[in-house]
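1. Need a 3D model of the sequence below.
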Amino acid sequence: MHVHSRLRSLLVPLLAATLLLGGCSNLSNTEKGAVIGAGAGAAGGGAVGKATGDNTAEGAILGAVIGGTAGALIGRQMDRKARELDRELDNADVERVGEGIKVTFDSGLLFDFDSARLRSNAEANLREFANSMKDFEDTKILIVGHTDAKGSASYNRELSGRRAGSAADFLQQRGIASARLITEGKGESEPVASNETEAGRQQNRRVEVAVYANEEYRERARAQAEGR
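-> Below is the predicted model of the structure:
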């Protein structure tokens, strides 16, 4: 596994060009996130989430961006947590996105075919995730289920929703407050690869987890940045 930053601002392409061409190559991931977050925040936080296109997990994270110094404070905490998750989670891809973290699990590792019941080996991974999130309580956790395009769209959406719910139930049983958990089933609507090949369908069968600051955490970061 490898933690990497996907620092994107779809609303402000000129900002991305500035980072590439304007002498910002020495900025850390957190600092780049703050710069991009500031530009995106100027366009309106809610709009950022909508602007991410067809990825619900990334949209949730970028919709919570506040940018500037406050965003950099949150970003540093997310950097540390992402490194911790990368060490502890097997068979999961950990990404830093904006001021949050996206974790992607292969649903084949979590569930049997056509089932929403967690496999026993998947529980170990989710248990580690829950343990890591217990001390990061000022965050929201969005769990999004995805499928390939085999079968009907309505059935795939229903199955992906049940799978997201099963993962959320397990995390709640391991001490994660229900108020922090949000679930959504996207079925086949957000593919990351072609559904014409088995390799592509395997990539599309996945569960994504978005971790981002809740409103209280964002307000504390703003207050700290402003010296309040």
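2. and after the helix or strand of the chain with the lowest mean pLDDT, which helix or strand comes next?
-> Lowest by mean pLDDT, DSSP states H and E among the helices and strands of the chain is helix 45-51, with a mean of 34. Per DSSP states H and E, the first helix or strand lying C-terminal to helix 45-51 is helix 56-63.
3. what helices or strands is that following helix leaning on?
-> helix 45-51, strand 92-97, strand 100-106, strand 139-146, strand 181-187, strand 206-213 (3 or more Cβ pairs under 8 Å, 6 or more residues apart in numbering; DSSP states H and E). Bear in mind the C-beta positions are built from the backbone N, C-alpha and C, glycine included.
4. Rebuild these as TSV, extending it with distance to residue 59 and mean neighbour count.
-> Converted to TSV, the helices and strands packed on helix 56-63 look like this (distance: least, Cβ to Cβ, whole Å; neighbours: other Cβ atoms under 10 Å):
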stretch	distance to residue 59	mean neighbour count
helix 45-51	4	16
strand 92-97	10	22
strand 100-106	11	22
strand 139-146	9	24
strand 181-187	11	19
strand 206-213	9	26
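5. Turn those into CSV, columns for distance to residue 64.
-> Putting these into CSV (distance: least, Cβ to Cβ, whole Å) gives the following:
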stretch, distance to residue 64
helix 45-51, 7
strand 92-97, 11
strand 100-106, 7
strand 139-146, 8
strand 181-187, 12
strand 206-213, 4
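6. looking at the ones you listed, which has the lowest confidence?
-> Looking over the helices and strands packed on helix 56-63, mean pLDDT reaches its minimum on helix 45-51, with a mean of 34.
7. residues touching residue 129, list them.
-> For residue 129, the contact set (Cβ atoms under 8 Å, 6 or more residues apart in numbering) comprises 85, 88-89, 103, 171, 209.
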